[in-house]
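Trainee: A predicted structure for the sequence below; I have some questions about it.
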Amino acid sequence: MATELHEALTRVDSSVEKRLIKTRRELHERPELSLSERKTADYVAEHLDRLPVEKLRMNVGGMGVVAEVRGKLPGRSVLVRADMDGLPLTEMTDLPFRSKNAGVMHACGHDVHMAIALEVADSLAVNEHRLPGMVRFAFQPAEERAAGAKPMIEAGVLDGIDRVVGLHVWAGLPTGEVSVRSGAMMASADGFTLIVRGKGGHGAVPELTVDAVVIAAQIVTALQTLVSRETSPRAPVVVTLGSIHGGSAMNIIAGEVVIQGTLRTFDAALRERLLQRIAELAGGIASAMRGSCEFRLDSAAPPVVNDAGIAALVAGAANDVLGTNAVVPFEPLMVGEDVAYFLDARPGCFFLLGGAPDNGPVLHHTAEFRVDERCLSIGYRVMVAAVLRLLAPD
Ligand SMILES: [Zn+2]
Ligand SMILES: [Zn+2]
């Protein structure tokens, strides 16, 4: 029966392909920022509401949408996770379905993830009479701020779930290929703010001030030595200070500078130590220069770690659907993903779906980001095959 179902669901006809593209384009046109995914959540819920799903819930841990397809045969419980948020970018593509929301763009491919998950829900729901186990779909807000997974888990989305699966379209991977990795595949991602405080004053009278810009400059330089001097060259670590703001005019000494940065690593102990060292080093420099520095951790996600057994099942499913040559290895990525919280709590697998456009690679999180839409049906087929394998009872 399971094989029959696999055959039926992974054979994609043109109507499935058309629906995937239509859904993805509708979502692409109306991106919303993290924690504001109201219309996106409505769209997803309306789609699910048309299916024979159970326990359709909205506002789960924020804007999250959850629904279940309950098979009539015995089997395991699997959670399929898809993220919903866009990014604060003005889309610079010439696509006919480019963003209609000024300054917001699906520039990471989360529209693709939603379209695939909805299509998987569709096809499993109409086959519930011959489906083993239960599949819960979790549409998660605020991935880009690592602020969506944890609240959904706290709201109980993993209760009764045995296994977790999710995917990320990857524009650096050729369309037609997928990558499934056992163990750590993406880094931890911690976002932090350093507020450097001094004493502002006249630009011509530095002796009566404590210049926060000069203190911040020392801190920015010193933090680079955490990677070069305090960690092993064999342990991948990134410390990036992506934003620095302070001062108001060329002749006014700034009393405050705000620095924002991110730390990435695969090692839990190293992660903890470096967060502490960032705070210590910045605080020590600031106080040595007669100022102060406040460290604040704004967002945090552990590394994305796949369970070896589940990754093998997902890789097997991808092999079945695409052939062995299409399942390619890749090096772990320093990007973060808050799917990490789901995979920390349950054995599971997060895999990469190749989506590189024909006219050359593009970068995620850029105004030119685009994907090859052929990846939609490939992602659907791999995901549905993976879910069927994960549902199967022992
Ligand atoms: Zn992203
Ligand atoms: Zn993403």
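Mentor: Now that the structure is in, tell me what you want to look at. Computed from a predicted model, the values in this text were never measured in an experiment. Ligands and ions are numbered 1, 2, ... in the order given.
Trainee: can you map out the helices along the stretch 101-250 of the chain?
Mentor: Secondary structure of the stretch 101-250 of the chain, counting by DSSP state H, counting those that start in this stretch: helices at 110-125, 149-154, 212-230.
Trainee: Just name the most buried of those helices.
Mentor: helix 110-125 (a mean of 25; mean count of other C-beta atoms under 10 Å). Every C-beta, even on glycine, is put in place using the N, C-alpha and C of the backbone.
Trainee: how about the helices of the stretch 101-250 of the chain in a markdown table, adding distance to Gly172?
Mentor: Output for those, formatted as a markdown table (distance: least, C-beta to C-beta, whole Å):
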| stretch | distance to Gly172 |
| --- | --- |
| helix 110-125 | 14 |
| helix 149-154 | 23 |
| helix 212-230 | 23 |
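Trainee: What segments of the stretch 201-350 of the chain are strands?
Mentor: Under the criterion DSSP state E, counting those that start in this stretch, strands of the stretch 201-350 of the chain are mapped to 201-202, 237-246, 252-253, 256-265, 292-301, 304-306, 348-356.
Trainee: For the most centrally placed residue in the chain, give me its contacts.
Mentor: Centroid-nearest residue in the chain: Glu337, 3.7 Å away (criterion: C-alpha atoms, centre = their mean). Residues near Glu337 by C-beta atoms under 8 Å, 6 or more residues apart in numbering: Glu143, His168, Met186, Ala189, Ala301, Val304, Phe350.
Trainee: Where in the protein is the helix or strand with the lowest mean pLDDT?
Mentor: Here the helix or strand of the chain ranked lowest by mean pLDDT, DSSP states H and E is helix 2-10, holding a mean of 84.
Trainee: between that helix and helix 110-125, how many degrees?
Mentor: Interaxial angle of helix 2-10 relative to helix 110-125 (axes from the mean of the first three to the mean of the last three C-alpha atoms, to 10 degrees): 130 degrees.
Trainee: contacts for helix 2-10?
Mentor: Residues from elsewhere that reach helix 2-10 (C-beta under 8 Å, 6+ apart): 123-124, 127, 130-132, 320-321, 381, 384-385, 388, 392.
Trainee: Could you rerun that using 6 Å?
Mentor: Around helix 2-10, the neighbours that count as contacts under C-beta atoms under 6 Å, 6 or more residues apart in numbering are Ser123, Arg130, Val321, Arg381, Val384, Ala385, Leu388, Ala392.
Trainee: what's the distance between the closest residue to Arg374 other than its chain neighbours and Lys72?
Mentor: Leaving aside its chain neighbours, Arg374 sits nearest to Thr175 (5.2 Å; criterion: C-beta to C-beta, 6 or more residues apart in numbering). As for Thr175, its distance to Lys72 is 36 Å (criterion: C-beta to C-beta, to the nearest Å).
Trainee: for Pro151, same thing?
Mentor: Distance of Pro151 to Lys72, given as C-beta to C-beta: 32 Å.
Trainee: do Arg229 as well
Mentor: 61 Å.
Trainee: coming back round to it: just send the strands of the stretch 201-350 of the chain back as a markdown table, with mean neighbour count, distance to His28 and mean pLDDT too.
Mentor: Formatted as a markdown table, those follow (neighbours: other C-beta atoms under 10 Å; distance: least, C-beta to C-beta, whole Å; pLDDT from 0 to 100):
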| stretch | mean neighbour count | distance to His28 | mean pLDDT |
| --- | --- | --- | --- |
| strand 201-202 | 14 | 50 | 98 |
| strand 237-246 | 15 | 26 | 97 |
| strand 252-253 | 18 | 45 | 98 |
| strand 256-265 | 21 | 27 | 97 |
| strand 292-301 | 17 | 25 | 95 |
| strand 304-306 | 27 | 25 | 97 |
| strand 348-356 | 25 | 13 | 97 |
